[in-house]
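Peer 1: fold the following, please.
(one chain, ligands or ions: 2)
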Amino acid sequence: MNKKSVKDVELKGKRVFCRVDFNVPMKDGQVTDETRIRAALPTIEYLTNQGAKVILASHLGRPKGSVVEELRLTPVAKRLSELLGKEVKKADEAYGDSVKAMVDTLSEGDVLLLENVRFYPGEEKNDSELAKAFAELADVYVNDAFGAAHRAHASTEGIAHHLPAVSGLLMEKELDVLGKALSNPERPFTAIIGGAKVKDKIGVIENLLEKVDNLIIGGGLAYTFVKAQGHEVGKSLLEEDKIELAKSFMEKAKEKGVNFYMPVDVVVADDFSEEANIKTVAIEEIPSDWEALDIGPKTREIYSDVIQNSKLVIWNGPMGVFELKKFAGGTRAVAEALAEANDTYSVIGGGDSAAAVEKFHLADRMSHISTGGGASLEFMEGKALPGVVALNDK
Ligand SMILES: Nc1ncnc2c1ncn2[C@@H]1O[C@H](COP(=O)(O)OP(=O)(O)OP(=O)(O)O)[C@@H](O)[C@H]1O
Ligand SMILES: O=C(O)[C@H](O)COP(=O)(O)O
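Peer 2: Numbers count the residues shown, from 1 in each chain. Ligands and ions are numbered 1, 2, ... in the order given. Predicted coordinates for the structure are as follows:
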């Protein structure tokens, strides 16, 4: 990476404003998935070991510029403190005199977590006054929030213009792994794209067609492609206005010599529910009043074979409605194939696919699970991430 990291700056005794992505799922005031907190530990520990005074900032949820009591970061501070094995001070605001006073009490190696930065309207507007107010708290800015790097907000982008600005270790690792995968891939290189909406994945599919050897399509977005192939899809998810585009992608794949894999059989249901009647049918036999909610067993086998024979696989988006047990089989089969493919470097592109892998208890068998959902998607589309662009060049 051509951006400076925490390793390139003097940190001893410095006040360091470190933006992390602690946007974690919570229920009844408890953190229910601490993956993102754990992922930030290497940077926080590096900073404390170097003798920095660490000021952490994050958003949580989408409070839209006002205080939402359930979105305070207090439970996160508690969990972080347990994971770090040391006290984490918690401020009830994210800037201003009371926060400055708390920062003044920090000794080398101390950690302070600011309040949810999205409680302030200026955060998402990338307001320069707010960015300056954040910058006034510190001597150095570290961005370790890969998951929020696609947002140009005051704490992810604006502040970087007012302080020496470097990446954290998680940010560096995410960019390194995803960047290497896309620019210098080991081959055969396979991308698996699933999820619900073609619209959201157009850019990714387009960019990946330039790079991969195999493109596997699954999930709800597959049925726009199935329709483009000339088959009926019944009540399955369909984006009519994207059928032509789907056709053009299939043609482009042919031109580029990319193997384009589509479901050959599917699990169809007469209702979108766990109680639905289901059956497996060939792709050209989807009944008109049924909907396809998962890939079928033959498709799973074909996809698993392609995975086993790949050196690098990028996966974004589930193969079916994995939240419902009846339609989780396809997503599970792909996750298991990745777990079992020992010679395959597997990169899970955040969001729902990461949640699925966690759910199947296969997370530790993947090579890299990105902490970014939207961020990893935009990165895979080849878009520049504002939170990275703003950091100092090496
Ligand atoms: N056949 C299908 N019909 C309807 N919905 C589906 C189907 N297959 C998958 N889904 C749904 O797609 C949703 C995920 O779609 P989405 O496009 O949001 O993926 P994503 O969140 O972008 O993936 P990721 O987070 O990994 O990037 C899941 O909730 C899943 O239930
Ligand atoms: O969960 C995420 O993908 C990041 O934390 C970004 O959150 P946002 O989509 O609310 O900006």
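
Peer 1: pLDDT weak spots in the stretch 101-250 of the chain?
Peer 2: Along the stretch 101-250 of the chain, the model assigns pLDDT under 70 to no residue.

Peer 1: which stretches in the chain count as helices?
Peer 2: With helices called from DSSP state H, the chain shows them at 35-49, 74-84, 97-104, 121-125, 128-135, 169-183, 198-209, 222-228, 243-256, 297-308, 329-340, 351-359, 374-380, 386-389.

Peer 1: out of these, which gets nearest to residue 315?
Peer 2: helix 351-359 (5.3 Å; CB to CB). Where you see a C-beta, it was placed from the backbone N, CA and C, and this is true even at glycine.

Peer 1: list the helices and strands that closest one packs on?
Peer 2: Contact here means 3 or more CB pairs under 8 Å, 6 or more residues apart in numbering; DSSP states H and E; on that basis helix 351-359 packs against strand 312-316, helix 329-340, helix 374-380.

Peer 1: do that helix and ligand 2 meet at all?
Peer 2: No. Contact of helix 351-359 with ligand 2 (CB under 6 Å from any ligand atom) is absent, the minimum separation being 7.0 Å.

Peer 1: name the residues of that helix that come out as buried.
Peer 2: Burial within helix 351-359, assessed by neighbour count using 16 or more other CB atoms under 10 Å, is assigned to 351-358.

Peer 1: turn those into JSON lines, columns for pLDDT.
Peer 2: What follows is the buried residues of helix 351-359, written out as JSON lines (pLDDT from 0 to 100):
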{"residue": "351", "pLDDT": "84"}
{"residue": "352", "pLDDT": "89"}
{"residue": "353", "pLDDT": "92"}
{"residue": "354", "pLDDT": "91"}
{"residue": "355", "pLDDT": "89"}
{"residue": "356", "pLDDT": "94"}
{"residue": "357", "pLDDT": "95"}
{"residue": "358", "pLDDT": "91"}
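
Peer 1: same for ligand 1: which of those are within range?
Peer 2: The overlap between these and the neighbourhood of ligand 1 (criterion: CB under 6 Å from any ligand atom) consists of 351-353.

Peer 1: which single one of these is nearest to ligand 1?
Peer 2: Within these, distances to ligand 1 taken as CB to the nearest ligand atom reach their minimum at residue 351, with 1.8 Å.

Peer 1: now do the contacts for that closest one.
Peer 2: The neighbours of residue 351, taking CB atoms under 8 Å, 6 or more residues apart in numbering as the test, are 316-317, 373-374, 376-377.

Peer 1: which of the residues you listed has the largest number of neighbours?
Peer 2: For the contacts of residue 351, the largest number of neighbours (other CB atoms under 10 Å) sits with residue 376, at 29 neighbours.

Peer 1: quick one: that residue and residue 350 touch, right?
Peer 2: Yes. The criterion here is CB atoms under 8 Å, and residue 376 meets it with residue 350 at 4.4 Å.

Peer 1: the one residue in the chain that gets nearest to ligand 2 and residue 103, how far apart?
Peer 2: The minimum distance from the chain to ligand 2, using CB to the nearest ligand atom, falls at residue 23 (3.4 Å). The span separating residue 23 from residue 103 equals 23 Å under the rule CB to CB, to the nearest Å.

Peer 1: any idea how many residues pack against residue 62?
Peer 2: Residues within reach of residue 62, counting by other CB under 10 Å, total 11.

Peer 1: ok, now how distant is it from residue 214?
Peer 2: If you go by CB to CB, the gap between residue 62 and residue 214 works out to 36 Å.

Peer 1: kindly report the residues of the stretch 251-394 of the chain close to ligand 2.
Peer 2: Contact residues, the stretch 251-394 of the chain versus ligand 2 (CB under 6 Å from any ligand atom): 373-374.

Peer 1: redo that, cut-off 8 Å
Peer 2: The stretch 251-394 of the chain has residues 350-351, 372-375 near ligand 2, with proximity defined as CB under 8 Å from any ligand atom.

Peer 1: got JSON lines for those, with distance to residue 218 too?
Peer 2: Shown next, in JSON lines, are those (distance: CB to CB, whole Å):
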{"residue": "350", "distance to residue 218": "17"}
{"residue": "351", "distance to residue 218": "15"}
{"residue": "372", "distance to residue 218": "21"}
{"residue": "373", "distance to residue 218": "18"}
{"residue": "374", "distance to residue 218": "20"}
{"residue": "375", "distance to residue 218": "22"}
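
Peer 1: thank you, goodbye.
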